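> show me the folded form of this:
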Amino acid sequence: MIKVENVSKFFGKIKALNSLTVEMPKEICGLIGPNGAGKTTLIHILIGLIRPSSGTVNTLGLEPWSQRHELMRKIGVLLEREIFPQNVACLRYLKHIARLRNIRDTEVIEALRRVELLDVSWRKIAGFSAGMKKRLGIAKALLGNPELVILDEPTANLDPAGRIELMTVVSRINREMGTSFLISSHVLPELQRLCSWVCLMHMGNVVEQGFTKDLLNKYSPAVYVAEVTKPKDLSELINGFDELRAIVKDNYVYIKGDLEKIRHKVPELVVKTGDKLISFRQVGRSLENVFIKALGGRESVRDDELWIDQ
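As a prediction, this is how the structure comes out:
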């Protein structure tokens, strides 16, 4: 879908991107990193708004800056600071955009339905919440049935409910229409739930890239937590298995290793100790841990601490 090779970008003496090489599949892809990581600069290059200082870029088989007109017929874009006319009805605005691009009104209706704005499309945009305006931006990006939709920080300035609504809309569009997405964000938990592939960026560099599941398995293995009254006894039995590892913290035993073996063996081992299993749950893995460990920003922290703190 997108191929970037050895791309660098300078703004004067400032190096915004440093020899990036990235290959993104046709999935819901996440571009993740803190503010200033270079995410927006990369997006602007991918859609042909700016040229790289060096390197090659291929977006849907096209060079963005020399074939931009053709590219824009194949992609939809919602930039971070999208501006809408305020005193115009939502439906009227989108119909106007569609007519400029020779797109039928029926596509406008369908786009509004997909982002759950059809019932309020008669209202002026000025009365829309921040989340509704973001969804309007996605509806606009969907006009023309693009292969790829690029969203730059789509959840910025949204409350939790607005973020959930927007992510739900994106997931449903991908599932029902097969549309690929590239979403940039610094909010990791949201993209972990939504994106099947991610690229982690920091200070203009690619820290890591790959399918989300693979990165979680590599850097943030699943951990089970058992609450018991005799944690040391349970920990000793668990550590007798080569595939399992247990650490005690207060009355909790943190266990990592083969998930199937953990689920089946731990309750049996608790019975062996003559103890009672008060609670037993899997602790969620996180892209935040992936980012920290891939970046090496907490090298002074023991691995034990890192996976206990999940």
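> so where's the stretch 151-300 of the chain shaky on pLDDT?
284, 297-300 (pLDDT under 70).
> where exactly do the strands run in it?
180-185, 197-202, 205-211, 223-227, 244-249, 252-257, 279-283 (DSSP state E, counting those that start in this stretch).
> which one of those lies closest to residue 20?
Smallest distance to residue 20 across the strands of the stretch 151-300 of the chain (Cβ to Cβ): 5.5 Å, for strand 205-211. For every residue, glycine as well, the C-beta is placed using N, CA and C.
> hmm, who's touching the closest one?
18, 20-23, 33, 38, 196-201, 215, 219, 290-291, 294-295 (Cβ atoms under 8 Å, 6 or more residues apart in numbering).
> and the helices in the protein?
Using DSSP state H, the helices of the chain run over 39-46, 68-72, 90-100, 105-114, 130-142, 160-177, 188-194, 212-219, 231-238, 259-272, 287-295, 303-308.
> save these as a markdown table, and put in distance to residue 280 and mean neighbour count too.
Shown next, in a markdown table, are those (distance: least, Cβ to Cβ, whole Å; neighbours: other Cβ atoms under 10 Å):
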| stretch | distance to residue 280 | mean neighbour count |
| --- | --- | --- |
| helix 39-46 | 39 | 23 |
| helix 68-72 | 52 | 15 |
| helix 90-100 | 49 | 17 |
| helix 105-114 | 41 | 18 |
| helix 130-142 | 37 | 22 |
| helix 160-177 | 28 | 16 |
| helix 188-194 | 23 | 19 |
| helix 212-219 | 21 | 16 |
| helix 231-238 | 11 | 19 |
| helix 259-272 | 7 | 15 |
| helix 287-295 | 21 | 20 |
| helix 303-308 | 16 | 14 |
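> can I get those in TSV with distance to residue 279?
Formatted as TSV, the helices of the chain follow (distance: least, Cβ to Cβ, whole Å):
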stretch	distance to residue 279
helix 39-46	39
helix 68-72	53
helix 90-100	48
helix 105-114	41
helix 130-142	36
helix 160-177	26
helix 188-194	23
helix 212-219	23
helix 231-238	12
helix 259-272	11
helix 287-295	22
helix 303-308	16
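> nearest to residue 247, of these?
helix 303-308 (5.6 Å).
> domains for the chain, by residue range?
Using automatic domain parsing, the domains assigned to the chain come out as 2-211, 218-308.
> you'd agree residue 229 is up against residue 273?
No - using Cβ atoms under 8 Å, residue 229 makes no contact with residue 273, being 9.3 Å away.
> so who does the residue most central in space within the chain touch?
Centroid-nearest residue in the chain: residue 191, 2.5 Å away (criterion: Cα atoms, centre = their mean). For residue 191, the contacting residues are 30, 32, 183, 185, 198, 287, by Cβ under 8 Å, 6+ apart.
> put the buried members of these into a PyMOL selection.
A single PyMOL command selects the buried members of the contacts of residue 191 (16 or more other Cβ atoms under 10 Å):
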select buried, resi 30+32+183+185+198+287
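> closest one of the contacts of residue 191 to residue 69?
Nearest to residue 69 among the contacts of residue 191, with distances taken as Cβ to Cβ, is residue 183, at 24.5 Å.
> that closest one touches residue 193, doesn't it?
No - using Cβ under 8 Å, residue 183 makes no contact with residue 193, being 11.7 Å away.
> any common contacting residues for those two?
With Cβ under 8 Å, 6+ apart as the test, residue 183 and residue 193 reach no residue in common.
> what about the closest residue to residue 41 other than its chain neighbours, how many neighbours?
Nearest non-adjacent residue to residue 41, counting by Cβ to Cβ, 6 or more residues apart in numbering: residue 16, 4.6 Å away. Other residues within reach of residue 16, judged by other Cβ atoms under 10 Å, total 21.
> residue contacts, residue 16?
Taking Cβ under 8 Å, 6+ apart as the test, what residue 16 contacts is 9, 10, 38, 41, 204.
> hang on, the earlier thing: mind putting the strands of the stretch 151-300 of the chain into JSON lines with distance to residue 57?
JSON lines is the format used below for the strands of the stretch 151-300 of the chain (distance: least, Cβ to Cβ, whole Å):
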{"stretch": "strand 180-185", "distance to residue 57": "13"}
{"stretch": "strand 197-202", "distance to residue 57": "14"}
{"stretch": "strand 205-211", "distance to residue 57": "14"}
{"stretch": "strand 223-227", "distance to residue 57": "39"}
{"stretch": "strand 244-249", "distance to residue 57": "44"}
{"stretch": "strand 252-257", "distance to residue 57": "40"}
{"stretch": "strand 279-283", "distance to residue 57": "39"}
